[in-house]
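Colleague: Can you look at this prediction? I've put the sequence above it.
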Amino acid sequence: MKDFLYYTPTEVVFGKESEKKVAELVLKYGGHKVLVHYGGKSAKKSGLLDEVCDCLQKGGIDFVTLGGVVPNPRLSLVHQGIDIVRREKIDFLLAVGGGSVIDSAKAIAYGAVYDGEVWDFYTGKASPKDCMPVACVLTIPAAGSEMSESSVITNEDGDIKLGYSNDICRPKFAIMNPERTFTLPPYQTAAGVTDIMMHTMERYFSHDDDMTLTDNIAEAILRTMKESVHAVLENPTDYRNRAQNMWGGSLAHNGLTGCGLTGDWATHQIEHELSAMFDATHGAGLAVIWLSWAKYVYKENISRFVKFAVNVMDVPNDFTDPEGTALKGIERMRTFYRSIGMPTTIHELIGREITDEEIQEMARKCTLNDTVPQGNFKVLRAEDIVQIYRMAR
Ligand code: NZQ
Ligand code: ZN
């Protein structure tokens, strides 16, 4: 096991009616005037937004609202948020929604206390010294942003989607009531679970060894997500299994499954180009890319793929044919993705044939003109990424 630092400062308040604690928690973490940030319509329609605002009002906390965050959140709204925070003298950011809303709130939190352009943090031109306090009321188990140090923003100017990670933006608290996820449509439910599993798999596919405990935690998360997603797709108000999904989303991306190892992250980087260019749903794009990534890289460490096939995908271990066992694991993953309604080709994801020019452009952007390779399990240059996109067509 490699040396590691495990830092997860977020206070998690999990369970029924947990959103009723929002005012008390904002006060606990020093908020007096709050920007309540939310998405398109779900939080309004479900009544959650009104309940949260009501609770803040009763708690004597002043607030301003800013909605309109879209999946693959845009930089232009972040700029608007920064202006509002400064003008209204806001001192606390509360995201009510999923990863996109939380990530947008984190970007506002960096930008509002910085004199320059917030996008510079995402391109690596500058590093933030400070960040306003952020917290969330989570409505979709998926991105794991509720406990993570990351934020992913899309700059509409050039369709560039970039992530930035820094511990200073980790949410102060995360309110998670699984009942609030009952309204999720099947596609978002499935894409969310695909993302949760992928956050675990990005770390699991590693060449490091002596990771028995971390591996066992990762495999438990993967097996639990596989089972619970079918249950909630059948019965969207199944509290027990919505709760497994919700807690799984946080554990998969708060650092726990990465303790003592070096993760891969190529699938995420390659997918980000698809969501930037085609505004694809992140989790659905991951399903498409992982399958061809796995086929492209499995020979780097067949025994790792055998372990995954046997312990996660329930493939019988054929000791005479490790490669066959490894490949059956990947094929079972394809069957699983189909069973939950995820696409398994780019065509299915974007609704048309992708052109070779588009593939070349994405591979170029993903590697900054072939100057920054991606992944660790197998280090991928632009040409490798072109092959992975082509195999996913
Ligand atoms: O906008 P509304 O109307 O709220 O609809 C949302 C949105 O359309 C809907 N939704 C959310 N909660 C709902 C609901 N609909 C009904 N009932 C509810 N309870 O779901 C749709 C997707 O929401 P979004 O926030 O985009 O989902 P997700 O949490 O998957 O976030 C995706 C974003 O997170 C980034 C992705 O790249 C993508 O931009 N990621 C962020 C990470 C991080 N910060 O650590 C890591 C991830 O790997 C990921 O890259
Ligand atoms: Zn993800």
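Modeller: Looks like it arrived, so ask away. Ligands and ions are numbered 1, 2, ... in the order given.
Colleague: show me what contacts the nearest residue to E11 once chain neighbours are set aside?
Modeller: Leaving aside its chain neighbours, E11 sits nearest to F173 (4.2 Å; criterion: Cβ to Cβ, 6 or more residues apart in numbering). Just so you know, the C-beta spots here come from the backbone N, C-alpha and C atoms, and that holds for glycine as well. Neighbouring residues of F173 by Cβ atoms under 8 Å, 6 or more residues apart in numbering: 10-13, 25, 28-29, 135-136.
Colleague: Residues of the stretch 1-150 of the chain that sit close to ligand 1?
Modeller: 39-43, 71-72, 97-101, 103, 139-140, 142-145, 148, 150 (Cβ under 6 Å from any ligand atom).
Colleague: which ones among those are found in strands?
Modeller: 97, 150 (DSSP state E).
Colleague: Closest one to ligand 1 out of the contacts of F173, please.
Modeller: C136 (10.5 Å; Cβ to the nearest ligand atom).
Colleague: doesn't the closest one fall inside a helix?
Modeller: No. Using DSSP: H, G, I helix; E, B strand; the rest coil, the secondary structure at C136 is strand, not a helix.
Colleague: Just the buried ones from the residues of the stretch 1-150 of the chain next to ligand 1?
Modeller: Neighbour counting over these (16 or more other Cβ atoms under 10 Å) leaves 39, 42-43, 71-72, 97-101, 103, 139-140, 142-145, 148, 150 as the buried ones.
Colleague: backbone phi and psi for G39, please?
Modeller: G39 adopts backbone torsions of phi -100, psi -130, taken as degrees, to the nearest 10.
Colleague: Please apply the same query to the one 10 residues further on.
Modeller: Its backbone dihedrals place L49 at phi -60, psi -50, with angles given as degrees, to the nearest 10.
Colleague: what about the residue of the stretch 251-393 of the chain found nearest ligand 1, how many neighbours?
Modeller: Closest to ligand 1 within the stretch 251-393 of the chain is H282: 3.9 Å, counting by Cβ to the nearest ligand atom. Applying other Cβ atoms under 10 Å, we find 24 residues neighbouring H282.
Colleague: mind checking how far it is from E273?
Modeller: 12 Å (Cβ to Cβ, to the nearest Å).
Colleague: Spell out which residues make up each domain of the chain.
Modeller: With domains defined by automatic domain parsing, the chain comprises 11-180, 184-391.
Colleague: if we can go back for a sec, inside helices: which ones of the residues of the stretch 1-150 of the chain next to ligand 1?
Modeller: 42-43, 99-101, 103 (DSSP state H).
Colleague: from those residues, which single one is nearest I302?
Modeller: G99 (33.3 Å; Cβ to Cβ).
Colleague: wait, what's in contact with that closest one?
Modeller: By Cβ under 8 Å, 6+ apart, the contact list for G99 reads 140, 142-145, 152, 282.
Colleague: Next, V372: secondary structure please.
Modeller: coil.
Colleague: Tell me the confidence at it?
Modeller: V372 is assigned a predicted lDDT (pLDDT) of 97.
Colleague: quick one, phi psi at it?
Modeller: With angles defined as degrees, to the nearest 10, V372 sits at phi -120, psi 100.
Colleague: show me the contacts for it.
Modeller: Per Cβ under 8 Å, 6+ apart, neighbours of V372: none.
Colleague: Pull up the distance across stretch 83-92, start to finish.
Modeller: 14 Å (Cα to Cα, to the nearest Å).
Colleague: State the mean pLDDT of it.
Modeller: Mean predicted lDDT for stretch 83-92 stands at 98.
Colleague: my read: V78 touches K106, true?
Modeller: No. Here V78 does not reach K106: they are 9.3 Å apart, not a contact under Cβ atoms under 8 Å.
Colleague: quick one, which of the two is more surrounded?
Modeller: The neighbour comparison of V78 against K106 (other Cβ under 10 Å) goes to K106, with 32 against 28.
Colleague: quick one: that one from R74, how far?
Modeller: 14 Å.
Colleague: Quick check: chain neighbours aside, which residue is closest to the spatially most central residue of the chain?
Modeller: Centroid-nearest residue in the chain: A143, 2.3 Å away (criterion: Cα atoms, centre = their mean). Nearest residue to A143, sequence neighbours excluded (Cβ to Cβ, 6+ apart): G99, at 2.5 Å.
Colleague: rewinding a little: between the ones in helices among the residues of the stretch 1-150 of the chain next to ligand 1, which sits nearest ligand 1?
Modeller: Lowest distance from ligand 1 to those (Cβ to the nearest ligand atom) belongs to G99, with 2.6 Å.
Colleague: ok so, going back, for the domains of the chain, could you give me TSV that also reports distance to M1?
Modeller: Below are the domains of the chain laid out as TSV (distance: least, Cβ to Cβ, whole Å):
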stretch	distance to M1
domain 11-180	21
domain 184-391	4
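Colleague: what are the ranges of the strands in the stretch 1-150 of the chain?
Modeller: Ranges of strands in the stretch 1-150 of the chain, per DSSP state E, counting those that start in this stretch, are 11-14, 33-38, 62-66, 92-97, 134-138, 150-155.
Colleague: could you dump the ones you listed to TSV with distance to M313?
Modeller: As requested, those are arranged in TSV below (distance: least, Cβ to Cβ, whole Å):
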stretch	distance to M313
strand 11-14	29
strand 33-38	37
strand 62-66	43
strand 92-97	32
strand 134-138	28
strand 150-155	28
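Colleague: And these: which comes nearest T224?
Modeller: Once these are compared by Cβ to Cβ, strand 11-14 is nearest, at 15.6 Å.
Colleague: If you count neighbours, what's buried in the closest one?
Modeller: 12-13.
Colleague: Repeat that for stretch 42-52.
Modeller: Buried residues in stretch 42-52, counted by 16+ other Cβ under 10 Å: 42-43, 48-49, 51-52.
Colleague: out of those, which one sits closest to E300?
Modeller: For the buried residues of stretch 42-52, the minimum distance to E300 (Cβ to Cβ) is 40.9 Å, reached by S42.
Colleague: Nothing else from me, thank you.
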